[in-house]
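> here you go, sequence then predicted model.
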Amino acid sequence: MKRLTLFFFLTIFSAITFAEIITLNTPNSQLIVKADSATVPHILYYGDKSANPTELENAGFEAFPAMPAFGMIDMIHLPALQIQFPEGDLNLDLRLADISHATTENAEIVSFVMTDKRHKFRLTLFYKAFKNTDVIETWTEICNLEKKDIVLKRFDSGHLFIDKGNNIWLTHFHGDWAAEAIPVSERLTKGVKTIRNTDGARNAHLDAPEVMLSLDGEPNEACGRTIGAALCWNGNYEIRLNIDNHDNYHLYAGIDPQSSEYVLSPKQTLTTPKLAFAYSVEGMGGVSRSLHRWARECGMMHNGKAVRDILLNSWEGIYFDITEERIIAMIDDIAKLGGELFVMDDGWFGDKYQRNNDSSSLGDWVVDKKKLPNGLQTLTDAAKQRGVKFGIWIEPESTNTKSELYEQHPDWVLQAANKNLNLGRGGTQVVLDLTNPKVQDFIVNTVDKLLSENPDIAYIKWDANASIQNYGSTYLPKHKQSNIYIDYHLGLISVLERIRKKYPDIVIQNCASGGGRANYGLMPYFDEFWVSDNNDALQRIFIQWGTSYFFPANLMAQHIGGSPYHMTGRIVPIKFRADVAMSGRLGMELQPKNMTEQELQQCRIAIKDYKQIREIVQLGNLYRLVAPKAFQVHPEPLPPAEQDIVALMYVTDNREQAVVFAYSLSQFQYQKPQRVKFSGLDPEKQYTLKELNIKAGEKPCTLDGKTFSGDFLMNNGILLPLNGDYASRVFLLN
Ligand code: DGJ
């Protein structure tokens, strides 16, 4: 309140000046900002708590504008903000007008209000520092106070400045459909490095909107000053890294203005997506753990502290060949295996057009009576009788040109004026125009109808298999066509908020042809995401490893796939497949009817054992112990007697319990096991190893039942028995 009064006072009597240094603290990191009413806020320092402002200034640390604005910085620097005002002027001339402090239960928020000396324009820059994890979020509110539209030509969410960095390495996550989240590490060199994704609807398949910066040379999992940055946005974005002429490092991140210059009406405010920074001296592992805690405890995922059910999803088991009999048989199978949830995937809907392949019916959300003559209730009843929950797939943001919805509302799809539609999946898929409130209502009503008519639906798999390929909206006015990507997402978020308000307890999976939406832009509304359409267990190890840098295990849906696997032809033993899936949210993606009795038996064991450890896995602290050779910065050729193995573990907050997963990736000749050092344990505590998911019919390995101190396990390690191709082990420590 005092600050608010000061703001009005300042606006009227602009002669009042102030200068102060503001420090935002997390448990182990701090952001120091110089705030002076003669200019704009400047970042002086982001890092650990070893520094204080006086020392920094005495040591010659430079400060740099927190939100470098075009017209206010030397033209050789990249701006984070550029606005075109009604008369065409591109220059900003901002001054700090006010600072506000607020506290929430778990965070401190500081906002810096800046007004322009020549234009009616307000920028508010926010920092939110969390008390329970080393994460600071930043974002802006951009407010047009002019009487005419202004155009946002560049509007990053945030900028980070590192004084005189030296030998800083960037790790970003590149990939593709079925090959998501492959880490790529490189030393930053002078000039600008850009990571971007131009997809307006789902941005995590190619380059994901998260990066790590290792400040002390090559990336290290366990030590070294490291910063993680996650842009919480699901559309087109740009992250720029720049070493300036003074050898200072800058990171800029925000919505990519290419194809998205935003036209802001008078009195309208645009809130930019959050950009989250995590800082750790414990390397990339430390950053991951802070971000995982932030996701679970700071509202970045829905129901972050809940553990998830074990499920069977119908897709790769029966694809579109849904019948009542097959679905009930699958429900029966997962119940008998000890699972808790069955999800009916694509193919259950359509009236005039049957959904027998991917070329029709999206939008026609009525039960296909030819496939399911007795409707959904027969299925939900069958699930109830067998003690499992029921879930269902929808893809509500799209339609097909072959659908009743498209026939009735051709203007509801995104489309460029007078141009043939570009068609996506199945040769007919197009994306609905979510900028249009009528389309938003249609989606909300579709979900509402489905859930209110079928109160026993407990889970939704929300898919999005199309990019926005038609850049045009019949709803948005001509001069606002470049607002499409942003207004699409604002529309989608409004839809999700309305659904969540009415259905807070439904578990919703975020899926986009696999991991296309594995980002924090939409996760506050979702309980988990589908990591990848690739369920080849060997390849999944890599995909899950990369995904784990930014996302916690209870967000990561990991399913046991079939063998031979349809994408790769690889034949993988069921134990290995289960051990790989068990390191996240366990599920199954196959037809149990095609499994052998021995495979079914192994799944029963895996599911039973997973129930013992799922809380540790899903809510524990992750330590990546041994990276796949292919992900190491300098992969050395394997000495003949050394295995390429992967090991990771989860430890509870109180360090009383842990779970270790270890996988052998190659076994070209006889190789000796590798000694693996554990991490994150209590050095004083004695831990007894219990082997889990033991191969059906076999005895546990010799480590089972042995006790070691945490100190011993972390400093000496143990030889993990991984003999033969596709060898894997899971141990519970308590
Ligand atoms: C893509 C998803 O990633 C798959 O799991 C499956 O749901 C299909 N869509 C269905 O069309």
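All right, it came through fine. Residues are numbered from 1 along each chain as shown.
> what is the three-state secondary structure of residue 306?
Secondary structure assignment for residue 306 (DSSP: H, G, I helix; E, B strand; the rest coil): coil.
> mind checking pLDDT for it?
On the pLDDT scale, residue 306 is placed at 97.
> is it true that it touches residue 527?
Yes: using CB atoms under 8 Å, residue 306 is in contact with residue 527, at 7.2 Å. Where C-beta positions appear, they are placed from N, C-alpha and C, glycine not excepted.
> hey, what's the residue in the stretch 551-700 of the chain positioned nearest to the ligand bridged with?
In the stretch 551-700 of the chain, the residue that lies nearest the ligand is residue 589 (7.6 Å; CB to the nearest ligand atom). On the basis of DSSP bridges, residue 589 is bridged to residue 561.
> thinking again about what came up before, who's more crowded, residue 306 and residue 527?
residue 527 (22 against 16; other CB atoms under 10 Å).
> residue 524 reaches residue 299, doesn't it?
Yes: between residue 524 and residue 299 there is a contact under CB under 8 Å: 5.9 Å.
> looking only at neighbour counts, state which of those two leads.
For residue 524 and residue 299, the more surrounded residue by other CB under 10 Å is residue 524, and the numbers stand at 19 against 12.
> A strand includes the more buried one, no?
No: counting by three-state DSSP, residue 524 falls outside a strand, being helix.
> residues in contact with it?
Going by CB atoms under 8 Å, 6 or more residues apart in numbering, residue 524 touches 299, 300, 301, 302.
> okay if I get those residues as TSV plus pLDDT, secondary structure and distance to residue 423?
Listed next are the contacts of residue 524 as TSV, based on pLDDT from 0 to 100; DSSP: H, G, I helix; E, B strand; the rest coil; distance: CB to CB, whole Å:
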residue	pLDDT	secondary structure	distance to residue 423
299	97	coil	38
300	98	coil	35
301	98	coil	33
302	98	coil	33
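> so how do I select the buried members of these in PyMOL?
One line in PyMOL is enough to select the buried ones among the contacts of residue 524; burial here means 16 or more other CB atoms under 10 Å:
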select buried, resi 300+301+302
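> how many neighbours does the residue nearest to residue 511 when sequence neighbours are not counted have?
Distance criterion CB to CB, 6 or more residues apart in numbering; nearest residue to residue 511, sequence neighbours excluded, is residue 530 at 3.9 Å. Counted with other CB under 10 Å, residues neighbouring residue 530 total 26.
> pLDDT score for residue 530?
98.
> how much space separates it from the ligand?
Here residue 530 is placed at a distance of 5 Å from the ligand (CB to the nearest ligand atom, to the nearest Å).
> need the contact list for that residue.
461, 509, 510, 511, 512, 514, 515, 557 are the contacts of residue 530 under CB under 8 Å, 6+ apart.
> residue 48 contacts residue 282, correct?
No: Residue 48 lies out of contact with residue 282 (CB under 8 Å); the separation is 10.9 Å.
> comparing those two, which residue is more hemmed in?
residue 282 (22 against 14).
> neighbours of the residue of the stretch 301-450 of the chain found nearest the ligand, how many?
Proximity of the stretch 301-450 of the chain to the ligand (CB to the nearest ligand atom) peaks at residue 346, 3.5 Å away. Close neighbours of residue 346, defined as other CB under 10 Å, add up to 21.
> isn't it up against residue 392?
No: Residue 346 is not in contact with residue 392 according to CB under 8 Å; the separation is 10.1 Å.
> show me what counts as buried in stretch 474-491.
475-476, 480, 482-491.
> please tell me the pLDDT value assigned to the residue of the stretch 551-700 of the chain closest to the ligand.
98.
> low-confidence regions, this protein specifically.
By pLDDT under 70, the weakly predicted segments of the chain are 1-15, 636-642, 667-671.
> which helix runs longest in it?
Ranked by residue count, the top helix of the chain under DSSP state H comes out as helix 597-619.
> that helix: what's the following helix or strand?
Downstream of helix 597-619, the first helix or strand assigned by DSSP states H and E is strand 621-626.
> elements contacting that next one?
With contacts taken as 3 or more CB pairs under 8 Å, 6 or more residues apart in numbering; DSSP states H and E, strand 621-626 sits against helix 283-297, strand 645-651.
> next structured bit after the last one?
Just to be clear, that refers to strand 645-651. Per DSSP H and E, the first helix or strand lying C-terminal to strand 645-651 is strand 658-664.
> so how far is that next one off the chain centroid?
How far strand 658-664 lies from its chain's middle: 24 Å, per CA atoms, centre = their mean, to the nearest Å.
> okay, the angle between it and strand 645-651?
Interaxial angle of strand 658-664 relative to strand 645-651 (axes from the mean of the first three to the mean of the last three CA atoms, to 10 degrees): 170 degrees.
> each with direction, which strands does the helix or strand following strand 658-664 pair with?
Remark: after strand 658-664, the chain's next helix or strand is strand 675-676, criterion DSSP H and E. Using DSSP bridges, the strands paired with strand 675-676 are strand 718-719 (antiparallel).
> which residues touch the partner strand?
Defining contact as CB under 8 Å, 6+ apart, one finds that strand 718-719 is touched by 673, 674, 675, 676, 678, 703, 708.
> out of those residues, which touch the ligand?
When these are checked against the ligand using CB under 6 Å from any ligand atom, none falls in range.
> right, and out of these, which lies closest to residue 28?
Nearest to residue 28, judged by CB to CB, of these is residue 678 at 22.4 Å.
> tell me which element residue 122 is part of?
Residue 122 belongs to strand 121-130, assigned by DSSP H and E.
> who does that strand touch, helix- and strand-wise?
When contacts are defined as 3+ CB pairs under 8 Å, 6+ apart, strand 121-130 sits against strand 19-25, strand 30-36, strand 107-116, strand 135-144.
> quick one: it to strand 19-25, angle?
Going by the same axes, to 10 degrees, strand 121-130 makes 40 degrees with strand 19-25.
> can you list the strands that strand 121-130 pairs with?
strand 107-116 (antiparallel), strand 135-144 (antiparallel).
> which of those sits closest to the ligand?
Going by CB to the nearest ligand atom, the one of the strands paired with strand 121-130 nearest the ligand is strand 135-144, 29.3 Å.
> tell me the buried residues in the closest one?
135, 136, 137, 138, 139, 140, 142, 143, 144.
> okay, and the beta partners of the closest residue to residue 722 other than its chain neighbours?
Nearest residue to residue 722 in three dimensions, chain neighbours excluded: residue 664, at 4.0 Å (CB to CB, 6+ apart). Applying DSSP bridges to residue 664 gives these bridge partners: residue 645.
> what's the local residue count around residue 186?
Neighbours of residue 186 (other CB under 10 Å): 12.
> what do you get for the one 5 residues further on?
Look at residue 191: counted by other CB under 10 Å, it has 8 neighbours.
> just grab the bridge partners of it for me.
Beta bridges link residue 191 to residue 243 when assigned by DSSP bridges.
> now the angle from the helix or strand hosting residue 171 to helix 283-297?
In this assignment (DSSP H and E), residue 171 forms part of strand 169-176. Interaxial angle of strand 169-176 relative to helix 283-297 (the same axes, to 10 degrees): 60 degrees.
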